[in-house]
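J.: just need the structure, nothing else, for what follows:
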Amino acid sequence: MKSRRQFLRTAGTGILAAGLSPIYASEGLKSQAENRTDAFSIGMAGYSFKEFTVEKTIEMMNRIGVKNLSLKDFHMPMNSSQEQVDEVLAKFKNAGIRVYTLGVIYMKTNETVDLAFEYAKKAGVDMIVAAPNYELLPYVEKKIKEYDFRMAIHNHGPDSPLYPNATDIWDHIKDLDPRIGICIDIGHTERDGQDPSVDLEKYSKRIYDVHIKDVDKPTKEGKTVEMGRGIIDIPKFVSTLRKIKYNGMCSLEFEKDMKDPLAGIAESIGYFKGVLNSVKS
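T.: Predicted coordinates:
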């Protein structure tokens with residue numbers, strides 16, 4: 001296994017391409033990851049921009065060169081009218097950013113399930129990242145069949161008894177409509193004492209979204225750090241993504257320095273691109 005230092009050397013062009021100014025991302029220095037043949041793509045989880053307006057979120061995403069977003073409801077409230085939804089989505093579209101899903105959406109009643117599905121319909125997406133209460137899953141399955149959406153249920157680690165890991169999600173959905181799957185958050189997976197690569201492969205047929213990050217401890221006390229500075233084996237995870245032929249999104253959810261996250265986001269995206277370049281299989 002190559003050291004983090006070796007990966008950071010290779011990641012250098014990725015960091016430049018994902019960097020803080022287009023001055024540094026010259027054609028000669030752009031990451032080869034931009035031309036990779038991977039079936040999956042890089043995105044951002046909207047929670048990373050919790051402290052910022054839509055306009056500032058767009059500015060930061062354009063500075064790091066990421067064009068796919070999982071949109072959170074603090075940027076587009078769930079009770080928005082169709083006109084309000086269209087206005088927000090137009091801002092992202094005009095900036096070249098694709099809103100590919102919505103969430104994480106928490107569902108605690110039938111009414112919130114109804115609201116979430118109508119919200120997704122207004123936005124024109126075909127997948128919701130969500131965390132419905134266990135007892136609501138039969139009703140969620142009914143709505144999945146009605147709307148023909150997919151739902152990716154997000155694991156939340158040891159902090160919450162609701163979906164702590166991918167195995168718990170699987171145990172609750174394995175007999176439900178196959179359009180109900182998993183959004184595996186690799187940071188929360190690691191903090192729950194599980195191996196993200198093992199869970200990714202084990203439940204590959206129902207992995208519909210991935211939240212990438214790194215953490216500093218394999219326990220509940222683990223905190224988000226810049227990718228490559230923590231304990232998650234990112235090269236192994238990339239190899240597993242390729243092994244299972246994952247064709248969804250890998251969206252960075254950066255939960256550190258929430259009021260000033262841009263440098264950490266850029267470093268993380270650059271490191272991930274460097275690993276994509278370095279890992280051959």
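J.: what lies in contact with the helix or strand where residue 239 lies?
T.: Taking DSSP states H and E as the criterion, residue 239 maps to helix 234-243. Helix 234-243 is contacted from outside by 1-2, 7, 38, 40, 186, 196-197, 200-201, 210, 212, 214, 227-228, 250, 271-272, 275-276, 278-279, 281, using C-beta atoms under 8 Å, 6 or more residues apart in numbering. (C-beta placed from N, C-alpha, C; glycine too.)
J.: pull out the buried members of the residues you listed.
T.: Among the contacts of helix 234-243, those classed as buried by neighbour count (16 or more other C-beta atoms under 10 Å) are 7, 40, 186, 196-197, 200, 210, 212, 214, 227-228, 250, 271-272, 275-276, 278-279.
J.: among the contacts of helix 234-243, which are in strands?
T.: Members of the contacts of helix 234-243 lying in strands (criterion: DSSP state E): 210, 212, 214, 250.
J.: okay, and the beta partners of the second one?
T.: In this case it means residue 212. Here residue 212 sits in beta bridges with residue 252, going by DSSP bridges.
J.: surely it and residue 227 touch.
T.: Yes - the pair formed by residue 212 and residue 227 meets the contact definition of C-beta atoms under 8 Å, at 7.0 Å.
J.: joint contacts of those two?
T.: Counting by C-beta under 8 Å, 6+ apart, the common neighbours of residue 212 and residue 227 are 234, 252, 268, 272.
J.: biggest helix in the protein, by residue count?
T.: Longest helix in the chain, counting residues (DSSP state H): helix 262-278.
J.: kindly format the C-alpha coordinates of it as CSV.
T.: The C-alpha coordinates for helix 262-278 follow below in CSV (Å, rounded to 0.1, in the frame of the first residue of the first chain):
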residue,chain,number,x,y,z
LEU,A,262,-13.2,25.8,1.3
ALA,A,263,-9.6,25.0,1.8
GLY,A,264,-10.5,21.6,3.4
ILE,A,265,-13.0,20.8,0.6
ALA,A,266,-10.4,21.7,-2.0
GLU,A,267,-7.7,19.5,-0.3
SER,A,268,-10.1,16.6,0.0
ILE,A,269,-11.3,16.7,-3.6
GLY,A,270,-7.7,17.1,-4.8
TYR,A,271,-6.6,14.1,-2.7
PHE,A,272,-9.5,11.9,-3.9
LYS,A,273,-8.6,12.8,-7.5
GLY,A,274,-5.0,12.0,-6.8
VAL,A,275,-6.0,8.6,-5.5
LEU,A,276,-8.1,8.0,-8.6
ASN,A,277,-5.0,8.6,-10.7
SER,A,278,-2.8,6.5,-8.5
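J.: neighbouring strands of the lengthiest strand in the chain in the sheet, and parallel or not?
T.: Longest strand in the chain, counting residues (DSSP E): strand 98-107. Here strand 98-107 is paired, per DSSP bridges, with strand 68-71 (parallel), strand 127-132 (parallel).
J.: and the ones you listed, which is most packed in?
T.: The highest mean neighbour count among these, using mean count of other C-beta atoms under 10 Å, belongs to strand 127-132: a mean of 25.
J.: good, wrapping up.
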